[in-house]
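Peer 1: Need the 3D shape of this:
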Amino acid sequence: EVQLVESGGGLVQVGGSLTLSCAASGLTFDDYSMAWFRQAPGKERERVSCVSNFDGSTGYADSVKGRFTVSSDNVKNMVHLHMTILKPEDTAVYYCAAAWAGCAGGMDYWGKGTLVTVSS
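Peer 2: Numbers count the residues shown, from 1 in each chain. Presented below is the predicted three-dimensional model:
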């Protein structure tokens with residue numbers, strides 16, 4: 001059974017930093033690109049970042065470029081999202097996802113999410 005388990009969410013003040021982690025099990029981690037999505041209350045889910053298993057390249061939503069950094073640990077089967085200069089609009093449930101077909105493809109597996117709340 002494939003499991004993606006997010007951790008690291010919580011309450012943080014505006015301008016602060018937070019690192020989310022996602023532990024993957026039940027799949028061959030090297031075969032999957034790993035992405036982070038978020039969904040704020042009343043809004044559609046948005047892809048935040050992705051790291052490709054093919055070449056290690058990364059991509060970010062315009063809203064987080066320069067503030068968020070995604071990294072993959074292929075030894076521990078984990079992916080991290082380091083978030084800095086957090087804004088109230090970053091408040092959302094953050095989801096980890098895995099894609100066989102790469103960052104441009106659809107997601108095959110999803111975690112249950114971790115809540116990030118940025119308070120002003």
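
Peer 1: and residue 97, what does it touch?
Peer 2: Contact analysis of residue 97 by Cβ atoms under 8 Å, 6 or more residues apart in numbering lists 4, 34, 35, 36, 37, 107, 108, 109, 110, 111. (Each C-beta comes from the backbone N, C-alpha and C, glycine too.)

Peer 1: Please identify which helix or strand holds the nearest residue to it once chain neighbours are set aside.
Peer 2: Closest residue to residue 97 apart from its sequence neighbours, by Cβ to Cβ, 6 or more residues apart in numbering: residue 107 at 3.9 Å. If you go by DSSP states H and E, residue 107 is not part of any helix or strand.

Peer 1: Tell me where the protein has strands.
Peer 2: 3-7, 10-13, 18-25, 33-39, 46-51, 58-60, 68-73, 78-83, 92-99, 109-110, 114-119 (DSSP state E).

Peer 1: I'd like those strands laid out as a markdown table, including mean pLDDT.
Peer 2: Listed next are the strands of the chain as a markdown table, based on pLDDT from 0 to 100:
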| stretch | mean pLDDT |
| --- | --- |
| strand 3-7 | 98 |
| strand 10-13 | 98 |
| strand 18-25 | 98 |
| strand 33-39 | 98 |
| strand 46-51 | 97 |
| strand 58-60 | 97 |
| strand 68-73 | 97 |
| strand 78-83 | 98 |
| strand 92-99 | 98 |
| strand 109-110 | 98 |
| strand 114-119 | 98 |
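
Peer 1: circling back to that earlier point, tell me the buried residues within the contacts of residue 97.
Peer 2: 4, 34, 35, 36, 37, 107, 109, 111 (16 or more other Cβ atoms under 10 Å).

Peer 1: For residue 119, state which of those is nearest.
Peer 2: residue 36 (21.0 Å; Cβ to Cβ).

Peer 1: and the closest one, what does it touch?
Peer 2: Counted by Cβ under 8 Å, 6+ apart, residue 36 has contacts 20, 22, 47-50, 70, 79, 81, 94-97.

Peer 1: can I get those residues in CSV with distance to residue 59?
Peer 2: Below are those laid out as CSV (distance: Cβ to Cβ, whole Å):
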residue, distance to residue 59
20, 17
22, 17
47, 8
48, 10
49, 7
50, 5
70, 9
79, 13
81, 13
94, 16
95, 16
96, 15
97, 14
